[in-house]
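Trainee: predicted model and sequence follow; I will ask about them next.
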Amino acid sequence: MRALRRVAGVALGLLIAAATVLVGFALLRGRPQDLPWTPLDLAAPIGLSTGRKLAALRTDPAQCRALLGAAGVRYTALPARRDGATCGYADAIRLDRGGAIGIALRPAGPGIACPVAAALALWEWNVVQPAAQARFGMPIASIDHFGSYACRRLYGRESGAWSEHARANAIDIAGFRLADGRRITVARDWQGSDASAAFLHDVRDGACSLYATVLSPDYNAAHRDHLHLDQADRGPLGWRACR
């Protein structure tokens, strides 16, 4: 029992020390976005805690929509939808191009859970457009996707866990179109060694700071042609899947 108490005391001390270091580091750098208890600000750079704050918006759709509005994001709130006992959504929105959003989604107007949409906005501003400028010297004009809402289980199976798509809590990104019309697709360009492949890996890696789950062709064959992005509930620790 004494040994157990000693181990617990050491663990608690290490946790307190780590928290103290994190707070000091964030305050010294002037980066409140790194701290888990500061309010989320979509206008701030991505911080260590940004992804968890975005995922936490699942339980506060009104706050999510308020944050989008404050950041200049135009959107249309969609009516609640229910398909049976499991599928549907209550907080989905449609991102409208204009204002702070410069990238069009193709096809237009998918219904997306608000936390997924908020992360898409941050992804555009902080990851996608900077990576496009660095790799190609021009912006991305549009993003091709395979959809968000779909009433189905994981991998379309007849049994087992339900997909985050069943709640519009995910979107599958198929590719990108540059301002000059060139297309970059996950299916064709992921395995390459040129700027297109480097760009796709850049945006996959950057998404990992914003989404609870990011799955790419590196994960399995089912994701060979898209990046799966979702805000799954991963419990109080908020662990993240990035492959």
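Mentor: Done, it's in.

Trainee: all contacts plus neighbour counts: C-alpha atoms, from now on.
Mentor: Will do.

Trainee: how close does residue 180 sit to residue 136?
Mentor: 10 Å (Cα to Cα, to the nearest Å).

Trainee: so which of these two has more stuff around it?
Mentor: residue 136 (15 against 10; other Cα atoms under 10 Å).

Trainee: low pLDDT regions in this protein?
Mentor: Judged by pLDDT under 70, the chain has its weakly predicted residues at 1-29.

Trainee: what ranges does it have for its helices?
Mentor: For the chain, applying DSSP state H gives helices covering 2-29, 50-56, 61-70, 114-123, 129-136, 186-189, 195-207.

Trainee: and the last one, how far from the chain's centre?
Mentor: Its chain's C-alpha centre and that of helix 195-207 lie 14 Å apart, by Cα atoms, centre = their mean, to the nearest Å.

Trainee: which residues sit against it?
Mentor: If you take Cα atoms under 8 Å, 6 or more residues apart in numbering as the criterion, helix 195-207 is touched by 123, 127-128, 131-132, 135-136, 184, 186, 189-191, 214, 216, 227, 229, 242.

Trainee: that helix to helix 114-123, inter-axis angle?
Mentor: 130 degrees (axes from the mean of the first three to the mean of the last three Cα atoms, to 10 degrees).

Trainee: which positions within helix 195-207 qualify as buried?
Mentor: Using 16 or more other Cα atoms under 10 Å as the burial criterion, the residues of helix 195-207 that qualify are 196-207.

Trainee: what angle do helix 129-136 and it make with each other?
Mentor: 160 degrees.

Trainee: put the alpha carbons of helix 195-207 into CSV.
Mentor: C-alpha atoms of helix 195-207 as CSV (Å, rounded to 0.1, in the frame of the first residue of the first chain):
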residue,chain,number,x,y,z
ALA,A,195,5.0,19.3,-54.9
SER,A,196,1.5,17.8,-55.1
ALA,A,197,2.4,14.9,-52.9
ALA,A,198,4.2,17.2,-50.5
PHE,A,199,1.2,19.5,-50.3
LEU,A,200,-1.2,16.7,-49.5
HIS,A,201,1.1,15.5,-46.7
ASP,A,202,1.3,19.1,-45.4
VAL,A,203,-2.4,19.5,-45.2
ARG,A,204,-2.9,16.0,-43.7
ASP,A,205,-0.4,16.8,-41.0
GLY,A,206,-1.8,20.2,-40.3
ALA,A,207,-5.3,18.8,-40.0
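
Trainee: I am finished for the moment; much appreciated.
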